[in-house]
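S.K.: any chance you could fold what I've pasted below:
(4 chains)
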There are 2 protein chains.
Amino acid sequence: MYRLTNSFPYLLNRVGVQMGELFSRRIAGYGVTLPMYRVMAALWETGDQRLGDLASMTTIEISTLSRLVGEMKRRGLVTRARLKDNGRTVAINLTPKGRTLVEELIPIAIHFEEVAVRDFPSKNISDLKTVLAEIYESLKSLEPEIEEANKARKAAKSKG
Amino acid sequence: MYRLTNSFPYLLNRVGVQMGELFSRRIAGYGVTLPMYRVMAALWETGDQRLGDLASMTTIEISTLSRLVGEMKRRGLVTRARLKDNGRTVAINLTPKGRTLVEELIPIAIHFEEVAVRDFPSKNISDLKTVLAEIYESLKSLEPEIEEANKARKAAKSKG
DNA sequence: TAACAATAATTGTATTTGCAAATATCGGTC
DNA sequence: GACCGATATTTGCAAATACAATTATTGTTA
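M.R.: As a prediction, this is how the structure comes out:
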């Protein structure tokens, strides 16, 4: 018998939402939101990113990210500039202020992660991470059937 | 060296967002959103819920859920009625229409889950689910230190 | 039983989000 | 080198979301 509360997406989402919510509250005093932290941490790991790359790295929708980066620029946390050799794209980077801030926040993130997983052997956790990364990859195989199913449904509907 | 892209919350969130996005697209043709599906699946598993319980079961913020349930009632998917013996609380249930619909959607959800995890031995997956459930529990221990940290920060600030 | 605190849900309002359309630039081709 | 499709980002706009304040009911106690 199917139970939502034993399904993988449910268990996943619940932990994700809760961790996000707790971390948000923890860093609120620094004047940054969770999406801002994600952007800064992504840039700290791999700077000089284009908007699209940053979007796929953070799984933030691109128009949302465009506005978010605008706000972060306004606050002096990041820079954004059109490239000279390719005017379509922008280069996004941390400012010194942004770097200082994210380097304050990363230890907090590390602590959160440690607390969350401290009851499990580190082997299990690294396995878990591997599984999560591979599941993400295997989701790609669902894409084509989504379009097909929608097409089939549409056709059936117009037929009656 | 810390890397966002190897952190547990990142890997988790990325899979969660992506699964949600794909499933949303898959069920869009049925005229329901992902949050609506979650509510219906939760009610299918455990009907006759109060709003607050439904909120914690689905990890949807309560005011958001209040409006969502209103919309679902309007669409004839759920019922919502004040209790006779306790007028503060409401009882939320699936209508026959809602039940029929969610029973169409659940097989799709099951299929998605199967595809996502089919490269892994089922033992690993059930371990993974256990770990996710336990991590969720252990997050509770972070609550008190969040308040403390914020209080400490505030105090330090007002002092100079 | 009147007064007040606690609980449950809803609503006001401002912010965030995402789709679709618009804008800007590049790369190729005739 | 003008034109056209492809790529990258931004913006218009409507819907979704969350926090705070409000409403409604219940439980407690003096």
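
S.K.: for residue A:97, see how far away the most centrally placed residue in chain A is.
M.R.: Centroid-nearest residue in chain A, with C-alpha atoms, centre = their mean: residue A:58, separated by 3.2 Å. Residue A:58 sits 20 Å away from residue A:97, going by C-beta to C-beta, to the nearest Å. In short, each C-beta sits where N, CA and C put it, glycine included.

S.K.: rewinding a little: my read: the residue nearest to the centre of chain A touches residue A:64, true?
M.R.: No: using C-beta atoms under 8 Å, residue A:58 makes no contact with residue A:64, being 10.0 Å away.

S.K.: what do these two both touch?
M.R.: residue A:35 (C-beta atoms under 8 Å, 6 or more residues apart in numbering or on different chains).

S.K.: neighbours of the nearest residue to residue A:118 once chain neighbours are set aside, how many?
M.R.: Take residue A:118 and drop its neighbours on the chain: the residue closest to it by C-beta to C-beta, 6 or more residues apart in numbering or on different chains is residue B:138, 7.3 Å away. For residue B:138, the count of nearby residues is 14 (other C-beta atoms under 10 Å in any protein chain shown).

S.K.: so how far is the helix or strand containing residue B:138 from its chain's centroid?
M.R.: Counting by DSSP states H and E, the element that carries residue B:138 is helix B:122-138. Mean-position distance between helix B:122-138 and its chain equals 16 Å (C-alpha atoms, centre = their mean, to the nearest Å).

S.K.: relative to helix A:122-138, how tilted is it?
M.R.: 110 degrees (axes from the mean of the first three to the mean of the last three C-alpha atoms, to 10 degrees).

S.K.: buried residues, whichever helix or strand comes after helix B:122-138. List them.
M.R.: Downstream of helix B:122-138, the first helix or strand assigned by DSSP H and E is helix B:143-159. Judged by neighbour count (16 or more other C-beta atoms under 10 Å in any protein chain shown), helix B:143-159 contains these buried residues: B:146, B:149.

S.K.: ditto for stretch A:58-75
M.R.: A:58-60, A:65, A:68-69, A:72-73.

S.K.: so which of those residues are also by chain B?
M.R.: By C-beta under 8 Å from any C-beta of the partner chain, the members of these lying near chain B are residue A:59.

S.K.: which two among the buried residues of stretch A:58-75 are spaced furthest apart?
M.R.: A:59 and A:73 (21.0 Å; C-beta to C-beta).

S.K.: least confident secondary structure element in chain A?
M.R.: helix A:143-159 (a mean of 72; mean pLDDT, DSSP states H and E).

S.K.: any weak-confidence spans in chain A?
M.R.: A:153-155, A:157-160 (pLDDT under 70).

S.K.: can you name the residue of it nearest to DNA strand C?
M.R.: The nearest approach of chain A to DNA strand C comes at residue A:87, 2.8 Å away (C-beta to the nearest atom of the strand).

S.K.: tell me, how many residues neighbour that residue?
M.R.: 8.

S.K.: about what we covered before: which residues touch the residue nearest to the centre of chain A?
M.R.: Taking C-beta under 8 Å, 6+ apart, we find residue A:58 in contact with A:35, A:38-39, A:42, A:65.

S.K.: now list the buried members of these.
M.R.: A:35, A:38-39, A:42, A:65.

S.K.: which residues in chain A form helices?
M.R.: Using DSSP state H, the helices of chain A run over residues A:8-27, A:34-45, A:51-58, A:62-74, A:96-117, A:122-138, A:143-159.

S.K.: was I right to think residue A:138 contacts residue B:118?
M.R.: Yes: the pair residue A:138 / residue B:118 is scored as a contact, 7.4 Å apart, by C-beta under 8 Å.

S.K.: sorry, back to before: would you list the helices of chain A in CSV and tack on distance to DNA strand D?
M.R.: Output for these, formatted as CSV (distance: least, C-beta to the nearest atom of the strand, whole Å):
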stretch, distance to DNA strand D
helix A:8-27, 7
helix A:34-45, 10
helix A:51-58, 3
helix A:62-74, 3
helix A:96-117, 17
helix A:122-138, 21
helix A:143-159, 17
